[in-house]
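In: Here is the input, now give the coordinates:
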Amino acid sequence: MNILIAPIKTEKAVGKIEFANTLTFEVSMDSDKQSIKQEIEKLFGVKVQNVKTFITSRGKKRALIKLAKESKAEDIAVKLKMVT
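Out: Numbering: from 1, shown residues only. As a prediction, this is how the structure comes out:
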């Protein structure tokens, strides 16, 4: 099962990376918070503090992934070429 579909690169999402240590991803509709957390921790080797999910008005599911203080969202964003 492919949980993470794509990182979100909007201005608001990039602001959350810089100021809230939070990544935003589009995720599969059948994924839950625990599976999203496990996938992020496994893929990027970071500690996840919190996961919030919501469904957009266009019917897509997104996850806000807040990382623990010892992990930096900016480092992951650079790896994914979301920010320079």
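
In: So residue 6, which state does it fall into?
Out: Here residue 6 is recorded as strand under DSSP: H, G, I helix; E, B strand; the rest coil.

In: Setting aside sequence neighbours, what's the nearest residue to it?
Out: residue 26 (4.9 Å; CB to CB, 6 or more residues apart in numbering). Just so you know, the C-beta spots here come from the backbone N, C-alpha and C atoms, and that holds for glycine as well.

In: and the helix or strand hosting the one you found, which residues are buried?
Out: Per DSSP states H and E, residue 26 falls inside strand 22-27. Applying a neighbour-count criterion of 16 or more other CB atoms under 10 Å, one finds 22-25, 27 buried in strand 22-27.

In: Secondary structure element for residue 50, which one?
Out: strand 48-55.

In: Check which helices and strands that strand sits against.
Out: Contacts defined by 3 or more CB pairs under 8 Å, 6 or more residues apart in numbering; DSSP states H and E place strand 48-55 against helix 33-44, strand 61-67.

In: Check which element follows the shortest one along the chain.
Out: Read that as strand 61-67. For strand 61-67, the following helix or strand on the C-terminal side (DSSP H and E) is helix 73-79.

In: and the angle from the strand or helix carrying residue 12 to strand 22-27?
Out: For residue 12, the host element (DSSP H and E) is helix 11-20. Put simply, helix 11-20 runs at 140 degrees to strand 22-27, going by axes from the mean of the first three to the mean of the last three CA atoms, to 10 degrees.
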